[in-house]
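J.: need a structure here:
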Amino acid sequence: MHKTVLRVLRLPAQIRRRAGLILATLWHRATLAQVGAGSRFQPGVRFDDPSSVIIGAGCYFWRGVAVSAEIGRAGLRIGDGVQINRGVQLDTTGGLVIGDDTLISEAAVIYTHDHGLHPWAVPEPMVKTIGTGVWIGLRAVILPQCRRIGDHAVIGAGAVVTRDVPAGAVVAGNPARIIGERAKVAA
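T.: Numbering: from 1, shown residues only. Below is the predicted model:
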């Protein structure tokens, strides 16, 4: 009897969550340049320039994802099967491409522009490409000097990535260094 009461009490919250997911997904499908089949968005996902965003099929965006550009409209292109978790910040000033089946963990930050040594200097856009099957760990920071993260690379939790990461490399630390190689992923 006790379990039945708990289920009934949880039902309104479950209905609200499901309705929020449906409404947010419908909103983003209507406003983004392109959204592939099966991609879903929790409420609270924000795109500053939705007309420059292309998202593949089967992607999932958790609450609190923020996509913005300081200047221009370089845009964001995301492949299929990508998951972007809570509180991730994506800068698209220089342009950002994220490959298929990539996972970006909570509170990661990815920058595509630099101000040099003066905070009010005009931003210098830098294109960034993140390969297929990449895993970016919790609270990792990918600085603009890192222009490419190779396929199947792993970025450790809390890593500060300042340079390109080769395919299959496992990097960690501040500044991030290669600490291993990811086992070959079956195609």
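J.: now residue 37. Nearest residue, chain neighbours left out?
T.: Leaving aside its chain neighbours, residue 37 sits nearest to residue 57 (4.8 Å; criterion: CB to CB, 6 or more residues apart in numbering). Placement of C-beta: from N, CA and C, glycine included.
J.: enumerate every residue touching the one you found.
T.: 36, 37, 38, 39, 80, 81 (CB atoms under 8 Å, 6 or more residues apart in numbering).
J.: measure the second one to residue 29 for me?
T.: The reference is to residue 37. Residue 37 sits at a distance of 10 Å from residue 29 (criterion: CB to CB, to the nearest Å).
J.: got it, and the first one?
T.: For residue 36, the distance to residue 29 under the criterion CB to CB works out to 10 Å.
J.: repeat for the third one
T.: Per CB to CB, residue 38 is found 11 Å from residue 29.
J.: ditto for residue 168
T.: Residue 168 is 35 Å from residue 29, by CB to CB.
J.: which one of the two is surrounded by more residues?
T.: Neighbours were counted for residue 168 and for residue 29 using other CB atoms under 10 Å; residue 168 has more, 19 against 15.
J.: that one reaches residue 150, doesn't it?
T.: Yes: in this structure, residue 168 is within contact of residue 150 by CB atoms under 8 Å, at 6.8 Å.
J.: I figured residue 116 hits residue 122, correct?
T.: No: using CB under 8 Å, residue 116 makes no contact with residue 122, being 9.1 Å away.
J.: what about the helices in this structure?
T.: Assigned by DSSP state H, the chain shows helices spanning 2-31.
J.: contact partners for residue 46?
T.: Neighbours of residue 46 in contact, by CB under 8 Å, 6+ apart: 65, 66, 67, 68.
J.: how much space separates it from residue 64?
T.: Distance from residue 46 to residue 64, by CB to CB: 8 Å.
J.: and residue 28, by the same measure?
T.: As judged by CB to CB, residue 28 and residue 64 stand 14 Å apart.
J.: residue 3 too?
T.: Computed as CB to CB, the residue 3 to residue 64 distance reads 32 Å.
J.: comparing the two, which shows the higher neighbour count?
T.: residue 64 (18 against 7).
J.: avg pLDDT for stretch 146-161?
T.: On average, the pLDDT along stretch 146-161 is 98.
J.: and that stretch, how far out from the chain middle?
T.: 13 Å (CA atoms, centre = their mean, to the nearest Å).
J.: could you number the chain from 384 rather than 1 from now on?
T.: Okay, using 384 as the starting number, the last item reads as stretch 529-544.
J.: keeping just the C-alphas, turn that stretch into PDB.
T.: Taking Å, rounded to 0.1, in the frame of the first residue of the first chain, the C-alpha atoms of stretch 529-544 are listed here in PDB:
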ATOM      1  CA  CYS A 529      42.800  23.600 -28.600                       C
ATOM      2  CA  ARG A 530      41.400  23.600 -32.100                       C
ATOM      3  CA  ARG A 531      40.800  19.800 -32.500                       C
ATOM      4  CA  ILE A 532      39.900  16.900 -30.200                       C
ATOM      5  CA  GLY A 533      40.500  13.700 -32.200                       C
ATOM      6  CA  ASP A 534      38.000  10.800 -32.500                       C
ATOM      7  CA  HIS A 535      37.400   8.700 -29.400                       C
ATOM      8  CA  ALA A 536      39.600  10.900 -27.200                       C
ATOM      9  CA  VAL A 537      38.700  11.200 -23.500                       C
ATOM     10  CA  ILE A 538      39.100  14.400 -21.500                       C
ATOM     11  CA  GLY A 539      39.400  13.800 -17.800                       C
ATOM     12  CA  ALA A 540      37.200  15.500 -15.200                       C
ATOM     13  CA  GLY A 541      38.400  19.000 -14.300                       C
ATOM     14  CA  ALA A 542      41.000  18.900 -17.100                       C
ATOM     15  CA  VAL A 543      42.100  22.300 -18.600                       C
ATOM     16  CA  VAL A 544      42.900  21.600 -22.300                       C
END
